[in-house]
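Trainee: Sequence plus the predicted model coming up.
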Amino acid sequence: MTAKIVVNGLYKIFGKRPEAALEMTRRGEAKEAILGATGATVAVQDASLEVPEGEIFVVMGLSGSGKSTLVRLLNGLVTPTAGQIIIDGQDVAQAKGEVLRQIRRNTMTMVFQHFALFPHWTVAENVAYGLKIKGIAAAERRQKALAVLEQVGLAAWADSLPGDLSGGMQQRVGLARGLASDPQVLLMDEPFGALDPLIRREMQDELLVLQKKLKKTIVFITHDLNEAMLLGDKIAIMKDGRFVQVGTAQDIVSNPADDYVQAFVAGIDRGRVFTAADVAADPVTAQLHTDSAQVALSRMEDFQLDALYVLDGDTLAGVVTHRDVAAALRRDGPGDDALGASLITEFPAVGQDAFLHELYGPAGAGLPIAVTDDANRLLGVVETQAVLAQLDSDSVEDPTAGAQDAGKDGSQTKEVAR
Amino acid sequence: MISPADLATIPFDDWINAFVRGWLVPNFRPFFRAAQVPITLVLNNLNAFLQFVPMILTTAVFALAAWRWAGRGIAIFTILGFAFIDMIGLWPETMTTLAMIATSVLFCAIIGLPLGILAARSDMFWKIARPVLDIMQTIPSFVYLVPIVMLFGVGMAPGIIATIIFAIPPMVRLTNLGIRNVRGDLIEAARAFGSTEWQMLWDLQFPLALRTILAGLNQTLMLSLSMVVIAALIGAGGLGLIVNTGLGRLDVGGATAGGVGIVILAIVLDRITQGLGEGSKVRTISLRQVLTRTLRGKGAVPVAGPAARP
């Protein structure tokens, strides 16, 4: 996939003498020193990013970190002091006047924190705004607006005024307005920041559902790390106008770049960041028809496992526990089909993209959780202890290594516990 | 005691005399004479029209407008008030005054609106315009009646020009204020969607500033009315002339009759334009919504009450 948005060494300095301040910034002097010396405020410094087509890039930072300025630089609402912005092959940093307007009309739209809907226009007229600006005829505008409103579930409110709608509904109108002119890039400036937590949750899920269908390239600004983790394919953490860390949610949670990021990550719900694939161990298995109970039992003892997944050829047949197999051996003696006799076919299984918080239920069965693909092939096994270990942020120094060993670690811990 | 006047005296009045008489009048008289042509044209036609239309019809139109925008009470007041004016024999003068005010307000709007828009878009222009507007409003109107007579002569049109100078500042000020008060995030949204400055003005700034602009129009109207009597000093007719004549002859009755006519006209015009300004935002939209609803054949737009929200 090609990068839709490329930003290189972007600076924005507000104030009367940006050149002097830029020089000082490049020498690495602190924001406060620059403000004192030149009276200029450094809003964004040396930001570089690449967003591949169809991905969500989240910029997360507290207020004053320059994230809102950054998103406004992308569509030219704020003119950069230095640096390069290429969106869909067009140089936004150099664009002016009509060229810039054309880029805004055809390539990217924006969704605002406080919705910024026009109070004197109906919902449908608001949604059709981008189309109106492009000079599309009224009838076609309305038709398209209604189609987009249908997507966000507000078709029935097309002729109401925005002021009659709740906050969540208004932001859906804002989103619909952004989508109506079918842009390739969607800039979202804290779009859910002004909404109640419940509605925010709903809107986040809805955005993800829409994004699956529409595959827009989205730059999403937020001050909420949980939101960033949920939505972002890539996340940039911003502080004092600078990217402190850029990476996937898992990267950032498992390897925080500094104390600042660490402090954020500490409060994060790790169950919603890591997936079953992150904590799954390579499966140790037995074959249903070819391996005897004896073999299965010794394998479990070798790997210090309580249970062993049993395959029938390529596909997963079930699971046997150490206790059952040992009991069966004592009762029946070594036989041909001893595994089949003690096979449990009701076992917990999840997909590899399942988040850890979705594993809490299956983990209650007391069996290791099978990670399977669509064809019921076993990809890995998650020991319940591995889930708990991953959730405990303090114990995980190097989670990438930890995740692979988690299976064995888990069983050792259990030995101690007994 | 020493006073600055002992050191030097400034012949300020002579300077002004030299400037106006020696330079402005001889050089620009034809220009100023030409400038009053459109005003005379509008005024004469409007006056002729209002004199031609029967009193009953004019009253009916005003009563209807009052009923629509200002309520039933003002409508009744309009009928009674206009009937009273007619009965004291001042109807033709009242219509002349109305024509003068309408002309003045029309030109104030034509000149003031673009100036207000310009002031809202350019801080530089606003910095220059502001003190000029202050001077226009604070300088006693008698002061500029003299140069106006010198430049334009006497008569109706110079009277209107004096009125325009006096009445235009609120139009500029409130247009500027209305446009500047449009929420910044809406402007930003319009920019982000690639609208041009003109599109932004028509789609967003003008409609949202309309209430404030109409308030400015109302102010302009009221100032025009108050100027009518003063303008009569330089030959403008209408009710102002009645008042002035009464003043000159110490005819209390005549002056009062003219004054009452002005007051009645003022109340009616003020209430109608105020109602227009207050109601405009809500009414135009609900009216349009009613129309779209009817045309599309839908029963009703869903009511976005709490119960109807998903």
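Mentor: Great, that's in hand.

Trainee: In the stretch 51-200 of chain B, which residue sits closest to chain A?
Mentor: Residue nearest to chain A within the stretch 51-200 of chain B: B:Gly194 (3.4 Å; C-beta to the nearest C-beta). C-betas here are computed from N, CA, C, even on glycine.

Trainee: Next, count neighbours for that residue.
Mentor: Residues near B:Gly194, counting by other C-beta atoms under 10 Å in any protein chain shown, number 24.

Trainee: and it, how far is that from B:Pro4?
Mentor: 61 Å (C-beta to C-beta, to the nearest Å).

Trainee: what do you get for A:Gln45?
Mentor: 58 Å.

Trainee: And for B:Ile76?
Mentor: Applying C-beta to C-beta to B:Ile76 and B:Pro4 gives a distance of 62 Å.

Trainee: out of those two, which sits in the busier spot?
Mentor: B:Ile76 (13 against 8).

Trainee: Look at A:Leu367 and give its secondary structure.
Mentor: Three-state call for A:Leu367 (DSSP: H, G, I helix; E, B strand; the rest coil): coil.

Trainee: Then B:Ser195?
Mentor: coil.

Trainee: Residues of chain A that sit close to chain B?
Mentor: By C-beta under 8 Å from any C-beta of the partner chain, the residues of chain A that approach chain B are A:75, A:77, A:100-106, A:109-110, A:112, A:114, A:116, A:118-120, A:122, A:129-130, A:132-134, A:153, A:156-157, A:159-161, A:164-166, A:169, A:177, A:181, A:187.

Trainee: residue of the stretch 151-300 of chain A with the smallest distance to chain B?
Mentor: For the stretch 151-300 of chain A and chain B, the shortest gap (C-beta to the nearest C-beta) falls at A:Asp164, measuring 4.0 Å.

Trainee: Give the burial count for that residue, as a bare number.
Mentor: Quick note: A:Asp164 (other C-beta under 10 Å) scores 17 neighbours.

Trainee: do you know how far the closest residue to A:Val127 other than its chain neighbours is from A:Gly135?
Mentor: Of all residues beyond its chain neighbours, the one nearest A:Val127 is A:Ala145 (4.0 Å), with distances taken as C-beta to C-beta, 6 or more residues apart in numbering or on different chains. From A:Ala145 over to A:Gly135 the distance is 15 Å, taken as C-beta to C-beta.

Trainee: Likewise for B:Val252?
Mentor: For B:Val252, the distance to A:Gly135 - C-beta to C-beta - is 66 Å.

Trainee: cool, and A:Val350?
Mentor: For A:Val350, the distance to A:Gly135 - C-beta to C-beta - is 51 Å.

Trainee: Check A:Val185 too.
Mentor: Where A:Gly135 is concerned, A:Val185 sits at a distance of 21 Å (C-beta to C-beta).

Trainee: neighbour-wise, which of the two wins?
Mentor: Set A:Val185 next to A:Gly135 and count neighbours by other C-beta under 10 Å: A:Val185 wins out with 21 against 9.

Trainee: Contacts only, for B:Val229.
Mentor: B:Leu239, B:Gly240, B:Val243, B:Asn244, B:Ile262 (C-beta atoms under 8 Å, 6 or more residues apart in numbering or on different chains).

Trainee: Relative to chain A, which of those residues is nearest.
Mentor: Distances from chain A to these, taken by C-beta to the nearest C-beta, are shortest for B:Ile262, at 36.3 Å.

Trainee: Look up which residues are beta-bridged to A:Ala349.
Mentor: A:Ala370 (DSSP bridges).

Trainee: what's the neighbour count on A:Val253?
Mentor: A:Val253, neighbours per other C-beta under 10 Å, totals 27.

Trainee: so what pLDDT did it get?
Mentor: We note a pLDDT of 84 for A:Val253 in this prediction.

Trainee: Go ahead and confirm it touches A:Ile268.
Mentor: Yes - counting by C-beta atoms under 8 Å, A:Val253 does reach A:Ile268; the two are 6.0 Å apart.

Trainee: Give me the distance between the nearest residue to B:Leu90 once chain neighbours are set aside and chain A.
Mentor: Nearest residue to B:Leu90 in three dimensions, chain neighbours excluded: B:Gly261, at 4.8 Å (C-beta to C-beta, 6+ apart). Distance, B:Gly261 to chain A, by C-beta to the nearest C-beta, to the nearest Å: 39 Å.

Trainee: Helix or strand: which one has B:Gly261?
Mentor: helix B:252-296 (DSSP states H and E).

Trainee: do A:Arg330 as well
Mentor: helix A:322-332.

Trainee: contacts for that helix?
Mentor: A:293-294, A:296-297, A:300-301, A:305-308, A:338-339, A:341-342, A:344.

Trainee: Check stretch A:112-122 too.
Mentor: Outside stretch A:112-122, the residues that reach it (C-beta under 8 Å, 6+ apart) are A:125-126, A:129, A:158-163, A:167, A:170-171, A:173-174, A:177, A:189-191, A:193-194, B:183, B:185-186, B:188-189, B:203-204, B:207-208, B:281, B:285, B:289.

Trainee: Which ones among these map onto strands?
Mentor: A:Asp189 (DSSP state E).

Trainee: Out of the contacts of stretch A:112-122, which end up buried?
Mentor: A:125-126, A:129, A:158-162, A:167, A:170-171, A:173-174, A:177, A:189-191, A:193-194, B:185-186, B:188-189, B:203-204, B:207-208, B:281, B:285 (16 or more other C-beta atoms under 10 Å in any protein chain shown).

Trainee: Skipping its backbone neighbours, what lies nearest A:Arg270 in space?
Mentor: A:Arg270 sits nearest to A:Leu391 (C-beta to C-beta, 6+ apart), 5.2 Å away.

Trainee: Report the separation between that neighbour and B:Asp185.
Mentor: 40 Å.

Trainee: Is it correct that A:Ser342 is in contact with A:Ala296?
Mentor: No - with contacts counted by C-beta under 8 Å, A:Ser342 stays clear of A:Ala296, the gap being 9.0 Å.

Trainee: Show me which residues of the stretch 101-250 of chain B sit near chain A.
Mentor: Residues of the stretch 101-250 of chain B lying near chain A (C-beta under 8 Å from any C-beta): B:183, B:185-186, B:188-189, B:191-196, B:199, B:203-204, B:207-208.

Trainee: switch to 7 Å and redo it
Mentor: Neighbours of chain A within the stretch 101-250 of chain B, by C-beta under 7 Å from any C-beta of the partner chain: B:185-186, B:188-189, B:191-196, B:199, B:204, B:207-208.

Trainee: Quick one: residues in contact with stretch A:86-100.
Mentor: A:4-6, A:74, A:76, A:80, A:83-85, A:103, A:107-108, A:184-185 (C-beta atoms under 7 Å, 6 or more residues apart in numbering or on different chains).

Trainee: Whichever of these end up buried, select them in PyMOL.
Mentor: Of these, the buried ones can be selected in PyMOL as follows, counting by 16+ other C-beta under 10 Å:
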select buried, chain A and resi 4+5+6+74+76+80+83+85+103+107+108+184+185
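
Trainee: ok, so of the contacts of stretch A:86-100, who is nearest B:Leu113?
Mentor: A:Gly76 (30.4 Å; C-beta to C-beta).

Trainee: The closest one belongs to a helix?
Mentor: No - according to three-state DSSP, A:Gly76 belongs to no helix; its state is coil.

Trainee: Read off the pLDDT value for it.
Mentor: pLDDT, A:Gly76: 87.

Trainee: contacting residues for it?
Mentor: Per C-beta under 7 Å, 6+ apart, neighbours of A:Gly76: A:Val92, A:Ala95, A:Leu100.

Trainee: could you redo the last one with a cut-off of 10 Å?
Mentor: Going by C-beta atoms under 10 Å, 6 or more residues apart in numbering or on different chains, A:Gly76 touches A:85, A:87, A:92-96, A:99-101, A:103-104, A:108, B:191-192, B:194.
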